[in-house]
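Engineer: Dropping the sequence and predicted coords here.
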Amino acid sequence: MTDFEKRVYEIVRTIPYGQTRTYKQIAEKLGNAKLARAVGNALHKNPSLENAPCHRVVNSKGKLATNYGFGGKEGQKRLLEKEGVIIKDYKVL
């Protein structure tokens, strides 16, 4: 695991239960909004939800990740809805 990935996971672990953040918001916390794609790549390598609750990260339009690593966008939808997040058409409302 790279230092960058560790920093991404540390930030993602601070997202409260039932809330979401965007890849860009995570990148901004890292100091560079242009790192949003790199944040997505790091989260795609996340070994487990216990390591970082990556299901709480969505794109800038609030849409779920097409290639979510733990069951695709259906898996991400299930996890978010379990936390009380309202999803419609695979988008956070």
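Structural biologist: Nice, I can see it. Residues are numbered from 1 along each chain as shown.
Engineer: okay, CA-based contacts and neighbour counts for the rest of this
Structural biologist: OK.
Engineer: Quickly list what the residue nearest the centre of the chain is bridged to.
Structural biologist: With distances taken as Cα atoms, centre = their mean, residue 57 lies nearest the centre of the chain, 2.2 Å away. On the basis of DSSP bridges, residue 57 is bridged to residue 21.
Engineer: Would you mind listing the residues in contact with it?
Structural biologist: Applying Cα atoms under 8 Å, 6 or more residues apart in numbering, we find residue 57 in contact with 12, 20-23, 64.
Engineer: This structure: strands as residue ranges?
Structural biologist: With DSSP state E, the ranges of strands along the chain come out as 21-22, 57-58, 87-88, 91-92.
Engineer: Tell me which of those sits most buried.
Structural biologist: Stretch with highest mean neighbour count among the strands of the chain: strand 57-58 (a mean of 24; mean count of other Cα atoms under 10 Å).
Engineer: From residue 50, how far out is residue 77?
Structural biologist: When distance is defined by Cα to Cα, to the nearest Å, residue 77 is 17 Å away from residue 50.
Engineer: Would you mind telling me which of the two has the busier surroundings?
Structural biologist: Higher neighbour count among residue 77 and residue 50: residue 77, with 25 against 9, using other Cα atoms under 10 Å.
Engineer: Give the full set of residues in contact with that one.
Structural biologist: Shown here is residue 77, whose contacts under the criterion Cα under 8 Å, 6+ apart are 64, 87, 90.
Engineer: Which parts of this structure are helices?
Structural biologist: Assigned by DSSP state H, the chain shows helices spanning 3-12, 23-29, 36-44, 72-82.
Engineer: Rebuild these as TSV, extending it with mean pLDDT.
Structural biologist: Converted to TSV, those look like this (pLDDT from 0 to 100):
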stretch	mean pLDDT
helix 3-12	97
helix 23-29	98
helix 36-44	95
helix 72-82	93
